[in-house]
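K.L.:
for reference, the sequence and a predicted model appear below.
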2 protein chains.
Amino acid sequence: MTALDTSKVSIKTSLAACFGRNLYEQPGAHEFLQELSQSAQEVNIQQGGYIFKEGDPSDYVFIAISGAIMLERSSPKGARHVFAFLFTGNLLGLSEFTVYSFSAVALTGATVVKINKRLIQNIFERHPKIAKSFHDFTTHVLHYVLDQMYILGQKTAPQRLAHFLLDMDTRLGRSSGQFYLPMNRIDIADYLGMSLETTSRSFSNLKKRKLIEIESSHKIIINDRAAILEFIDE
Amino acid sequence: MTALDTSKVSIKTSLAACFGRNLYEQPGAHEFLQELSQSAQEVNIQQGGYIFKEGDPSDYVFIAISGAIMLERSSPKGARHVFAFLFTGNLLGLSEFTVYSFSAVALTGATVVKINKRLIQNIFERHPKIAKSFHDFTTHVLHYVLDQMYILGQKTAPQRLAHFLLDMDTRLGRSSGQFYLPMNRIDIADYLGMSLETTSRSFSNLKKRKLIEIESSHKIIINDRAAILEFIDE
DNA sequence: CGAGCCCTTGATGCATTTCAACGAATGTGG
DNA sequence: CCACATTCGTTGAAATGCATCAAGGGCTCG
């Protein structure tokens, strides 16, 4: 755990992703960064480690700098629900409740910036523009989640997986058409609301349709994005 | 379309539901209400009418005062997705995009307060506490949606319906155990991600299990809430 | 009183889950 | 360094839940 170096490129990039590209032009931005460098911390989490667990007091907000993070909850009967995968620039943990309602686990070694929630609230009260940037970000999340709801509710297993892989291509591979999946099949299954076996079969199905190539079980290649979009909308 | 009477009890109640119970104690609240009474409007929509449609410029925000409202989107292939039902005190239409990404239709005759988006933004910039109340509200929505995602992904059709009915009991019947559903079977189907027939069969299924009584197709009675919760968690 | 809409129910086929087996990759202790 | 256990992914076969196709009943409204 080390104090925050807000001049690092990786950190700048992640902050901009969270609070808007134009963060650095906002009035109050300088002050905000100064306060961050004083009281926020850079934290490393090893693979498999928890950033926080369901029920922990929600005193901090985290911004992912590197690595992959999975958000999960468990139901009364012990079934697990994975509801998000987070990467560089994604934010986690902001909620008005006093405890986290889900756990955050590192799928790979990960680095996060840890910010006291009060500090954030304080900044928001003094700098409405930053608050607005952040609020817009929340709206984006809501849109994203609504899409996810639609996919879960109305699509077949291979279509859901195809949608997921396009999303991963965008977020992990910068739409380059190739990426390495940091999560395993059962994580994907619990995210897409299907069984481990169906997930595996759906991978095979997409491969058979020549929509994807599976270089190794975690290395995926997407050659024809348009064809996949077509397939999802069928 | 008439100017807004902010002294009406129904309107006060709905505003408080949106901006927090303690709205009236917040600094700036008085000013906020004054501006609303000047520039916001009370609008009545008849059954089946649209409050706005997908693609309309998103210049206004609406707060439901009475009646039932359904939010829907349609996919490229024409399939419809219902993603929310809104009642008294619920807010709709706030988004940072310039057009609405969904349509809002009145299931019953409905009354809404129509507020210029700019006015809201302006208030938020000047009164951080009100902005925070509102942002907390958004977080609640996000929580609600995450539950919905879990239900859609992991539960059987009768369980999904049971969950939906408990939600309706809370929101429509104030947890009294009886309520009148303002939407029809196909709306529920498109909301829960299943076919019209499966929805109907799920109603019959819950009735056969004695978890609900169906007084008429739209009037539902829930006697044992705990038993239903048990059933959902199975 | 008939038309149209909504809800229900039955029959059939298909998609997904579940149970089960096996191969590949990785790590462990002899 | 090799047998062995363990984890993860894939695939097959059987069972199940849901969608689809189809028919009929109840209700409302002209």
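P.N.:
Yep, it's here.

K.L.:
strands of chain A, start to end?
P.N.:
When assigned using DSSP state E, the strands of chain A occupy the ranges A:2-3, A:41-45, A:50-52, A:60-66, A:69-74, A:80-86, A:91-92, A:103-106, A:110-116, A:178-180, A:213-216, A:219-221.

K.L.:
is there proximity between the lengthiest helix in chain A and DNA strand D?
P.N.:
Ranked by number of residues, the top helix in chain A under DSSP state H is helix A:128-154. No - if you take CB under 7 Å from any atom of the strand as the test, helix A:128-154 misses DNA strand D, and the best it gets is 8.6 Å. To be clear about C-beta, it is placed using only N, CA and C from the backbone, and glycine gets the same treatment.

K.L.:
wait, does that helix contact DNA strand C?
P.N.:
No - with CB under 7 Å from any atom of the strand as the measure, helix A:128-154 is seen stopping short of DNA strand C, the closest distance being 10.5 Å.

K.L.:
now stretch A:64-83
P.N.:
No - using CB under 7 Å from any atom of the strand, no contact is recorded between stretch A:64-83 and DNA strand C, whose separation bottoms out at 9.9 Å.

K.L.:
likewise for stretch A:179-186?
P.N.:
No - looking at stretch A:179-186 against DNA strand C by CB under 7 Å from any atom of the strand, there are no contacts, and the closest approach is 10.8 Å.

K.L.:
what's the burial count for residue A:89?
P.N.:
For residue A:89, the neighbour count with other CB atoms under 10 Å in any protein chain shown is 16.

K.L.:
now residue A:112
P.N.:
One way to gauge burial is a neighbour count; for residue A:112, by other CB under 10 Å, it gives 28.

K.L.:
residues touching it, list them.
P.N.:
Shown here is residue A:112, whose contacts under the criterion CB atoms under 8 Å, 6 or more residues apart in numbering or on different chains are A:42-43, A:45, A:51, A:62-65, A:69.

K.L.:
now the residues you listed as CSV including distance to DNA strand D?
P.N.:
Putting the contacts of residue A:112 into CSV (distance: CB to the nearest atom of the strand, whole Å) gives the following:
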residue, distance to DNA strand D
A:42, 28
A:43, 24
A:45, 18
A:51, 19
A:62, 24
A:63, 27
A:64, 22
A:65, 25
A:69, 17
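
K.L.:
from those, which is closest to residue B:94?
P.N.:
Nearest to residue B:94 out of the contacts of residue A:112 is residue A:63 (CB to CB; 24.3 Å).

K.L.:
contacts only, for the nearest residue to the closest one once chain neighbours are set aside.
P.N.:
Sequence neighbours aside, residue A:113 is the residue nearest to residue A:63 in space, at 4.5 Å (criterion: CB to CB, 6 or more residues apart in numbering or on different chains). With contacts defined as CB under 8 Å, 6+ apart, residue A:113 is in contact with A:4, A:11, A:14-15, A:36, A:40-43, A:62-63, A:65.

K.L.:
and these, which two are the farthest apart?
P.N.:
Maximum pairwise distance among the contacts of residue A:113 (CB to CB): 15.4 Å, between A:15 and A:43.

K.L.:
of the two, give the one with the bigger neighbour count.
P.N.:
When neighbours are counted by other CB under 10 Å, residue A:15 comes out ahead of the other of residue A:15 and residue A:43, with 23 against 17.

K.L.:
how much space separates the residue nearest to residue A:33 when sequence neighbours are not counted from residue A:61?
P.N.:
If you skip the residues right next to it in sequence, residue A:33 has residue A:6 as its closest partner in space, 4.8 Å away by CB to CB, 6+ apart. Taken as CB to CB, to the nearest Å, the spacing of residue A:6 relative to residue A:61 amounts to 16 Å.

K.L.:
report how many residues lie close to the closest residue in space to residue A:26 that isn't next to it in sequence.
P.N.:
Once its chain neighbours are removed from consideration, residue A:26 has its nearest residue in residue A:129; the separation is 4.9 Å (CB to CB, 6+ apart). Other residues near residue A:129 number 18, with proximity taken as other CB under 10 Å.

K.L.:
enumerate every residue touching residue A:129.
P.N.:
For residue A:129, the contact set (CB under 8 Å, 6+ apart) comprises A:26-28, B:125.

K.L.:
residue A:141 is in contact with residue B:141, isn't it?
P.N.:
No - because the distance of 10.4 Å does not satisfy CB atoms under 8 Å, residue A:141 is recorded as not touching residue B:141.

K.L.:
intersection of neighbour lists for these two?
P.N.:
Residues touching both residue A:141 and residue B:141 by CB under 8 Å, 6+ apart: none at all.

K.L.:
one step back: which of the contacts of residue A:129 has the most neighbours?
P.N.:
In terms of neighbours by other CB under 10 Å, the contacts of residue A:129 top out with residue A:26 at 17 neighbours.

K.L.:
in the sheet, who's paired with the closest residue in space to residue A:173 that isn't next to it in sequence?
P.N.:
Leaving aside its sequence neighbours, residue A:173 sits nearest to residue A:179 (CB to CB, 6+ apart; 3.4 Å). Judged by DSSP bridges, the bridge partners of residue A:179 are residue A:220.

K.L.:
and residue A:179, how far from residue A:170?
P.N.:
Per CB to CB, residue A:179 is found 9 Å from residue A:170.

K.L.:
and those two? which has more neighbours close in?
P.N.:
Neighbours per residue (other CB under 10 Å) separate residue A:179 from residue A:170, with residue A:179 holding more: 20 against 13.

K.L.:
centroid residue for chain A?
P.N.:
residue A:86 (1.8 Å; CA atoms, centre = their mean).

K.L.:
so that one makes contact with residue A:65?
P.N.:
No - in terms of CB under 8 Å, residue A:86 does not count as a neighbour of residue A:65; the distance is 11.1 Å.

K.L.:
contacting residues around the residue in chain A that DNA strand C sits nearest to?
P.N.:
The nearest approach of chain A to DNA strand C comes at residue A:198, 2.8 Å away (CB to the nearest atom of the strand). Applying CB under 8 Å, 6+ apart, one finds that residue A:198 lies in contact with A:157, A:189.

K.L.:
quick one: it from DNA strand D, how far?
P.N.:
8 Å (CB to the nearest atom of the strand, to the nearest Å).

K.L.:
quick one: that residue from residue A:166, how far?
P.N.:
The value you get for residue A:198 to residue A:166, if CB to CB is used, is 19 Å.

K.L.:
and the gap between the residue of chain A most remote from its centre and residue A:232?
P.N.:
Centroid-distance maximum for chain A: residue A:208 at 29.2 Å, with CA atoms, centre = their mean. In this structure, residue A:208 and residue A:232 are 16 Å apart, going by CB to CB.

K.L.:
again, but for residue A:201
P.N.:
Counting by CB to CB, the gap from residue A:201 to residue A:232 is 17 Å.

K.L.:
and what of residue A:167?
P.N.:
Between residue A:167 and residue A:232 the distance, using CB to CB, works out to 11 Å.

K.L.:
those two - which one has more neighbours?
P.N.:
For residue A:167 against residue A:232, the residue with the higher neighbour count under other CB under 10 Å is residue A:232, and the figures read 21 against 15.

K.L.:
right, and that one touches residue A:164 too?
P.N.:
No - using CB under 8 Å, residue A:232 is not in contact with residue A:164, being 10.1 Å away.

K.L.:
show me what contacts residue A:36?
P.N.:
For residue A:36, the contacting residues are A:4, A:6, A:15, A:113, A:115, A:119, taking CB under 8 Å, 6+ apart as the criterion.

K.L.:
that'll do, ta.
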